[in-house]
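*Asks:* 3D, please:
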Amino acid sequence: MKKVILILTVLMCGFNIHAQSIYRMYSNGSGAGEYIDNLRNAPLAPDDVWGIRFSAGSITRGFINNSGQWGLLKPSSAYQISAAMFNNILKTISNLTIGVEGWVCAEGFSVRALDPSNSNTLDLLTTGSKSTITSNGDSEGLHVRSAIGHKIYLYDKVYFDDKYWTSLGPGRNNDPTINNANNNKMMRIGSNGGLGFWGTAGVEANDNPQLAVKANEVSTTVPMSLLFDNHVNLFLGYAVNHDDGWIGTYSNHGLHLGTNNGSALFISADRNLYVDLSHDDVSKIRAELKNKYRLFVKKGILSEDYAIAPNSSWSDFVFSKDYSLPTIYEVADFIQDNNHLSDVPSAEQVAEEGYSQHDMNKILLQKIEELTLYTIRQQKEIDSLKAQLQESKK
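*Replies:* Numbering: from 1, shown residues only. The predicted structure follows:
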């Protein structure tokens with residue numbers, strides 16, 4: 001007997017001893033498809049694959065490899081054919097503990113460092129109709145990064161601040177919109193390097209915004225059109241030839257230029273200019289005067305000199321041979337009846353209508369030329385009388 005035991009011991013020591021490779025679980029005599037075995041038994045598994053495989057219904061459901069990484073497969077996974085292939089993928093991910101194919105369902109999910117001194121957590125929670133992602137204890141903030149694509153997409157509207165909600169997302173007509181719906185809160189947009197606004201596709205192609213807001217100026221490279229009350233259209237830009245600046249209205253409305261909250265110059269829609277005249281002053285000017293004159297000044301004009309533009313109408317007609325010079329007695333009779341010279345406006349007319357500087361100069365010249373003719377005629381009569389007197393003394 002001792003010899004038999006010795007022979008068996010020698011035989012056992014001369015060969016590798018392997019335990020059972022498959023552990024099956026039965027319940028009431030059934031369940032042959034539920035078992036645990038070595039991951040190396042998975043189809044197509046290479047020789048260096050080691051670990052524990054879990055199967056149910058004769059289908060691989062998960063495993064833990066020799067690196068301590070857990071892998072869980074979804075019911076329809078193609079990796080059920082070879083869990084070793086999924087294992088190879090998990091091993092390429094450093095610091096991975098669990099790899100899950102498909103969905104994970106939980107009431108909440110918390111990510112945190114397993115260090116009692118670290119209270120920073122990232123929690124994902126869904127309750128009722130609301131889902132929440134919260135970063136707790138994050139003194140350096142919550143960082144969201146796209147390392148390769150460098151793009152982060154947010155769908156629908158995004159709201160900021162639980163006290164004064166501001167939305168970012170599609171607005172009316174699905175136009176991209178930033179909306180601050182709080183009446184008592186200012187929306188602040190700031191940048192130490194200035195703000196640029198593009199109305200074209202050049203925002204990522206050039207450094208020439210149509211509107212730029214800088215520390216000491218607001219500039220624009222395109223004309224500006226301002227529409228007030230949906231009818232007064234004010235335009236600031238350049239003239240049609242692009243050689244001159246232009247400020248004015250595109251609509252049938254006037255333009256005021258003012259100082260100290262008052263209008264200093266008003267240009268009416270018919271292009272008349274009113275200097276220091278109020279609306280009441282302008283409304284009192286008769287239509288025929290507005291049609292006759294272009295510039296209206298309330299006080300007066302002080303200038304070292306001014307010129308009248310060339311005009312074809314002048315008073316040299318007085319010296320024409322066919323000019324009918326009134327007799328001195330006709331002049332006297334007219335003055336007696338009208339209390340002013342003929343062709344000269346009366347004091348009442350000037351007070352009510354004013355007068356044309358050019359027309360007045362022409363009238364005054366006419367009267368000077370008439371006086372010259374009267375003086376010449378008178379001198380001739382004097383010379384004739386002197387001759388007659390000398391003749392009578394002989």
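*Asks:* pLDDT weak spots in the chain?
*Replies:* Across the chain, the ranges flagged by pLDDT under 70 are 1-20, 27-32, 311-312.
*Asks:* Could you give the backbone dihedrals for the residue nearest the centre of it?
*Replies:* Nearest to the mean C-alpha position of the chain, counting by C-alpha atoms, centre = their mean, stands F197 at 5.4 Å. Torsion angles at F197 (phi, psi; degrees, to the nearest 10) stand at phi -130, psi 120.
*Asks:* Setting the sequence-adjacent residues aside, check what's closest to it.
*Replies:* Of all residues not flanking F197 in the chain, L211 sits nearest, at 4.2 Å (C-beta to C-beta, 6 or more residues apart in numbering). Backbone N, C-alpha and C define where each C-beta goes, glycine included.
*Asks:* Was I right to think that neighbour contacts G196?
*Replies:* Yes. Counting by C-beta atoms under 8 Å, L211 touches G196, with 7.4 Å between them.
*Asks:* buried stuff in the helix or strand hosting Q379?
*Replies:* Under the criterion of DSSP states H and E, Q379 resides in helix 357-392. Residues of helix 357-392 classed as buried: 362-363, 366-367, 369-370 (neighbour count, 16 or more other C-beta atoms under 10 Å).
*Asks:* any chance of those residues in JSON lines, plus distance to T177?
*Replies:* Formatted as JSON lines, the buried residues of helix 357-392 follow (distance: C-beta to C-beta, whole Å):
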{"residue": "K362", "distance to T177": "67"}
{"residue": "I363", "distance to T177": "69"}
{"residue": "Q366", "distance to T177": "73"}
{"residue": "K367", "distance to T177": "75"}
{"residue": "E369", "distance to T177": "77"}
{"residue": "E370", "distance to T177": "79"}
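*Asks:* Out of these, give me the two with the largest separation.
*Replies:* Within the buried residues of helix 357-392, two members stand farthest from each other by C-beta to C-beta: K362 and E370, at 12.6 Å.
*Asks:* one step back: what about the helix holding Q379, distance to the chain center?
*Replies:* Helix 357-392 sits 77 Å away from the centroid of its parent chain (C-alpha atoms, centre = their mean, to the nearest Å).
*Asks:* can you check stretch 298-309 too?
*Replies:* Its chain's C-alpha centre and that of stretch 298-309 lie 46 Å apart, by C-alpha atoms, centre = their mean.
*Asks:* That one: end-to-end distance?
*Replies:* Distance across stretch 298-309, first residue to last, is 23 Å (C-alpha to C-alpha, to the nearest Å).
*Asks:* go on, stretch 204-212?
*Replies:* Using C-alpha to C-alpha, one end of stretch 204-212 lies 15 Å from the other.
*Asks:* show me where the stretch 201-350 of the chain has strands.
*Replies:* In the stretch 201-350 of the chain, the segments counted as strands under DSSP state E, counting those that start in this stretch are 211-213, 218-220, 224-228, 232-238, 245-249, 255-259, 262-267, 273-275, 295-297.
*Asks:* then the fourth one to CSV, C-alphas only?
*Replies:* By that I understand strand 232-238. Output in CSV follows, covering the C-alpha atoms of strand 232-238 (Å, rounded to 0.1, in the frame of the first residue of the first chain):
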residue,chain,number,x,y,z
VAL,A,232,-38.0,108.5,-39.2
ASN,A,233,-35.0,107.0,-41.0
LEU,A,234,-31.6,108.7,-40.1
PHE,A,235,-28.6,107.8,-42.1
LEU,A,236,-24.9,108.3,-41.3
GLY,A,237,-22.3,107.3,-43.8
TYR,A,238,-20.9,108.6,-47.2
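*Asks:* got the end-to-end distance for stretch 125-135?
*Replies:* By C-alpha to C-alpha, the extent of stretch 125-135 from end to end equals 12 Å.
*Asks:* I should have written stretch 271-283 there, sorry.
*Replies:* Across stretch 271-283, first to last residue, C-alpha to C-alpha, it's 15 Å.
*Asks:* How about stretch 193-209?
*Replies:* Termini of stretch 193-209 sit 13 Å apart (C-alpha to C-alpha).
*Asks:* How about residues contacting it?
*Replies:* Identification of contacts with stretch 193-209 by C-beta atoms under 8 Å, 6 or more residues apart in numbering yields 189, 210-215, 221-222.
*Asks:* Dump those residues to CSV, plus neighbour count and distance to F160.
*Replies:* Converted to CSV, the contacts of stretch 193-209 look like this (neighbours: other C-beta atoms under 10 Å; distance: C-beta to C-beta, whole Å):
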residue, neighbour count, distance to F160
I189, 7, 13
Q210, 15, 27
L211, 15, 24
A212, 16, 26
V213, 15, 22
K214, 12, 26
A215, 7, 26
T221, 9, 32
V222, 12, 31
